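Chemist: compute the structure for the input listed below.
(one chain, ligands or ions: 1)
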Amino acid sequence: MPVALITGITGQDGSYLCELLLSKGYTVHGLVRRTSNTVRSRLDRLFNDKEIYDKRLFLHYGDLDDVTTIRRVLMKTQPDELYHLAGQSHVGLSFEIPESTCQFTAMGTLRLLEIIRDMEKRPRLLHISSSEVFGRPDHSPQNELTPMRPVTPYGVAKTFATQMVQVYRDAFDCFACNAICYNHESPRRGESFVTRKITRAAAAISLGLQSTLSLGALDARRDWGDAQDYVEVMWRMLQQPVADDYVIGTGQTHSIEEFLSFAFEHVGLNWRDYVVIDAKFIRPTDVADMCGDPSKAKRVLEWQPKGDCRQLAERMVDHDLAAMRTQKSN
Ligand SMILES: C[C@H]1O[C@H](OP(=O)(O)OP(=O)(O)OC[C@H]2O[C@@H](n3cnc4c(=O)[nH]c(N)nc43)[C@H](O)[C@@H]2O)[C@@H](O)[C@@H](O)C1=O
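Modeler: Numbers count the residues shown, from 1 in each chain. So this is what the prediction gives:
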């Protein structure tokens, strides 16, 4: 039975990946941060399945800046595959906390690479990189050869981590891959990211629970994919004979205004009646129009991005409506 270790298992991607690996017969270990909040709602379904939780899913406390503990967990679990998804992932927040963003996102990755380098039986490593590494590229769509020119603290931290993965692959022969992911969303998306903020607001406004939605700049365009679809491709990357980097996107972009329309139209409302611009959500620098070229992933990994953005937005609104209705009736 293959063994996987996931950092960031309680997040959107980590929880979907955990489900995918369990469905494929893996034993899954997850690294979780010790906080006073023990609610891990994205994993609830799995915790309630005794067969899985007792025998094939194990959580270990450990922070990315705690090398001793991470080394101990790696030595104890001896994973075949290590999916490194943890880190400070909010771009806007990275302007407020650049040091800790770099500590976790950049240095955290280097620490993992250093431990793997010393291991007798090295796990295959998947590092989740980001389209933010491209910053303001001079061509669109971007692919694996597009130069990295980040413009945000988060983008800089991800660039460091991505390039370290390449260095450890080349210099030390580690099986280490970068999944250069564009935005990917789902009903499990964190509530401070723009898509989920919008779908929750559309649901809440339609139920009379909220009256306005405060946002920052609305002109950016993003290549929004489906998170569940993206974890499948992460797994495929580690099944290849050779480690490599892949751009993971849909090749299509939408503006925030379009996403607003998808979500609000679904509940019969016009977003223009509710959105207010609040300067506190406008970033000092932002990437404008990000579009991924997934040709290599399609060709080598035989992967086809699924779904469209309107359907994704509608699915998220439906989820938020259902959750709010349940809460309201309790
Ligand atoms: C690929 C990349 O994808 C994500 O980063 P992101 O693209 O920054 O995602 P977001 O949802 O925070 O912002 C999208 C856009 O929406 C604008 N925007 C307007 N008003 C609000 C607003 O009120 N909140 C937020 N969050 N954004 C807003 C904001 O300025 C930006 O232009 C992360 O997963 C990251 O980890 C990652 O790797």
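Chemist: in this structure, where is pLDDT below threshold?
Modeler: For the chain, the stretches with pLDDT under 70 are 35-40.
Chemist: mind listing the strands for it?
Modeler: In the chain, the strands defined using DSSP state E lie at 3-7, 27-32, 57-61, 81-84, 124-130, 176-181, 184-185, 213-215, 221-222, 225-226, 245-248, 254-255, 275-277.
Chemist: those strands into TSV, with extra columns for mean neighbour count and distance to Gln327?
Modeler: Just so you know, the C-beta spots here come from the backbone N, C-alpha and C atoms, and that holds for glycine as well. As requested, the strands of the chain are exported to TSV (neighbours: other CB atoms under 10 Å; distance: least, CB to CB, whole Å):
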stretch	mean neighbour count	distance to Gln327
strand 3-7	26	29
strand 27-32	24	26
strand 57-61	17	27
strand 81-84	26	32
strand 124-130	26	31
strand 176-181	27	31
strand 184-185	26	22
strand 213-215	18	19
strand 221-222	22	29
strand 225-226	24	25
strand 245-248	25	34
strand 254-255	17	29
strand 275-277	13	24
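Chemist: export these as JSON lines, with columns for distance to the ligand.
Modeler: Below are the strands of the chain laid out as JSON lines (distance: least, CB to the nearest ligand atom, whole Å):
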{"stretch": "strand 3-7", "distance to the ligand": "15"}
{"stretch": "strand 27-32", "distance to the ligand": "18"}
{"stretch": "strand 57-61", "distance to the ligand": "23"}
{"stretch": "strand 81-84", "distance to the ligand": "14"}
{"stretch": "strand 124-130", "distance to the ligand": "3"}
{"stretch": "strand 176-181", "distance to the ligand": "6"}
{"stretch": "strand 184-185", "distance to the ligand": "7"}
{"stretch": "strand 213-215", "distance to the ligand": "4"}
{"stretch": "strand 221-222", "distance to the ligand": "6"}
{"stretch": "strand 225-226", "distance to the ligand": "10"}
{"stretch": "strand 245-248", "distance to the ligand": "10"}
{"stretch": "strand 254-255", "distance to the ligand": "10"}
{"stretch": "strand 275-277", "distance to the ligand": "8"}
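Chemist: share the number of residues neighbouring the closest residue to Met316 other than its chain neighbours, please.
Modeler: Distances taken as CB to CB, 6 or more residues apart in numbering put Thr199 closest to Met316, at 3.9 Å, once the chain neighbours are dropped. Residues lying near Thr199 (other CB atoms under 10 Å) number 31.
Chemist: one more: Asp54?
Modeler: 9.
Chemist: from the ligand, how far out is it?
Modeler: To the ligand, Asp54 is 33 Å away according to CB to the nearest ligand atom, to the nearest Å.
Chemist: how about Phe47?
Modeler: From Phe47 to the ligand the distance is 25 Å (CB to the nearest ligand atom).
Chemist: surely that residue is in contact with Asp54?
Modeler: No. The pair Phe47 / Asp54 is not scored as a contact, 10.4 Å apart, by CB atoms under 8 Å.
Chemist: list the contacts for the residue nearest to Met316?
Modeler: Taking CB atoms under 8 Å, 6 or more residues apart in numbering, we find Thr199 in contact with Ala263, Ala313, Met316, Val317, His319, Asp320.
Chemist: look up how far Asp223 lies from the third one.
Modeler: Distance of Met316 to Asp223, given as CB to CB, to the nearest Å: 17 Å.
Chemist: got it, and the last one?
Modeler: For Asp320, the distance to Asp223 under the criterion CB to CB works out to 23 Å.
Chemist: of the two, who's got more company?
Modeler: Neighbour count, other CB under 10 Å: between Asp320 and Asp223, Asp223 has more, with 28 against 24.
Chemist: please consider this matter closed, and thank you.
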